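S.K.: Generate a structure from the sequence data that follows.
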Amino acid sequence: LKPIVRRAELVMMEFFKQGDAEASLGLPISPSCDRHTTVLPKTQIGFIKFIVLPSYQIMKEVLPAVGNTVLPTLEDNLKTWHEFEEN
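M.R.: Coordinates of the predicted model:
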C-alpha cells in the first residue's frame, strides 16, 4: 500500500473507535465513524475536495509557494484515491 493509504487507515481506525463508543452508548454515530458504512476512498476524496484543497487554494493567495509545493501533492493524492476507488 502507498503511505497515504496506510496513514488514512490509521486515522480511520481512530474514527471507528469513536463510532463504536458512540454506538455502545446508544448515540448516533458521527459521520465517517461507522465502520460498517464508511468507504475509505470516498471519505478521503471528499475530505480533500471539500476541506483540504479549498483551504490550501485560499492559503496560496497569502503564501504563493503553497501553489507550487502543496497543491501539486494534494492533486496527486486525490488522483491516487480515485485510482484506489476504482480498484
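S.K.: Give me the spatial nearest neighbour of the most centrally placed residue in the chain, chain neighbours excluded.
M.R.: By Cα atoms, centre = their mean, the chain has its centre lying nearest to residue 44, at 3.0 Å. Of all residues not flanking residue 44 in the chain, residue 81 sits nearest, at 4.7 Å (Cβ to Cβ, 6 or more residues apart in numbering). For glycine as for every other residue, the C-beta is placed from the backbone atoms N, C-alpha and C.
S.K.: OK, contacts around residue 78?
M.R.: For residue 78, the contacting residues are 45, 48-49, 53, by Cβ atoms under 8 Å, 6 or more residues apart in numbering.
S.K.: from those residues, which ones fall inside helices?
M.R.: Members of those lying in helices (criterion: DSSP state H): 45, 53.
S.K.: the bottom helix or strand of this structure by mean pLDDT?
M.R.: One helix or strand of the chain scores below all others by mean pLDDT, DSSP states H and E: helix 65-86, with a mean of 93.
S.K.: And that one, what's buried?
M.R.: Buried residues in helix 65-86, counted by 16 or more other Cβ atoms under 10 Å: 66, 70, 74, 77-78, 81, 84.
S.K.: again with stretch 2-16
M.R.: In stretch 2-16, the ones that count as buried by 16+ other Cβ under 10 Å are 5, 8, 12, 15-16.
S.K.: Mind picking the one among the residues you listed that's closest to residue 60?
M.R.: Sorting those by how near they are to residue 60, with Cβ to Cβ, puts residue 8 at the top with 23.7 Å.
S.K.: what's the distance between that closest one and residue 14?
M.R.: Residue 8 sits 11 Å away from residue 14, going by Cβ to Cβ, to the nearest Å.
S.K.: What average pLDDT does stretch 2-19 get?
M.R.: Across stretch 2-19, pLDDT averages out at 94.
S.K.: From residue 49, how far out is residue 17?
M.R.: 25 Å.
S.K.: Filter the contacts of residue 78 down to the buried ones, ChimeraX style.
M.R.: To isolate the buried ones among the contacts of residue 78 in ChimeraX, judged by 16+ other Cβ under 10 Å, type:
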select :45,48,53
